[in-house]
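S.K.: got a structure for you, letters missing:
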């Protein structure tokens, strides 16, 4: 996924949850991504395990 595609999908998901564009633009995106990572778990996956 390209970075722009990720940002677009993030914005659309937050808008669907009732956020406004101003709220999304003013949030700390890096902290939000850190929280998402924590929510999903921090399990490390190595490329050799996937292939």
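M.R.: Noted; the coordinates are in hand. On a predicted model such as this, the values are computed, not experimentally measured, just so you know. Residues are numbered from 1 along each chain as shown.

S.K.: And the residue nearest the centre of the chain, how far from residue 23?
M.R.: Closest residue to the average C-alpha location of the chain: residue 33 at 5.1 Å, with Cα atoms, centre = their mean. Separation of residue 33 from residue 23 (Cβ to Cβ, to the nearest Å) stands at 16 Å. C-beta here means a position set from N, CA and C on the backbone, and glycine is covered the same way.

S.K.: just how off-centre is the longest helix that the chain contains within its chain?
M.R.: Looking across the chain with DSSP state H, the single longest helix is helix 3-16. Computed by Cα atoms, centre = their mean, to the nearest Å, the chain-centroid distance of helix 3-16 equals 8 Å.

S.K.: just checking, what packs against that helix?
M.R.: When contacts are defined as 3 or more Cβ pairs under 8 Å, 6 or more residues apart in numbering; DSSP states H and E, helix 3-16 packs onto helix 21-26.

S.K.: Residues contacting the helix it packs on, please?
M.R.: Under the contact criterion Cβ atoms under 8 Å, 6 or more residues apart in numbering, helix 21-26 has outside partners 11, 14-15.

S.K.: For residue 8, grab the count of nearby residues.
M.R.: Residues lying near residue 8 (other Cβ atoms under 10 Å) number 12.
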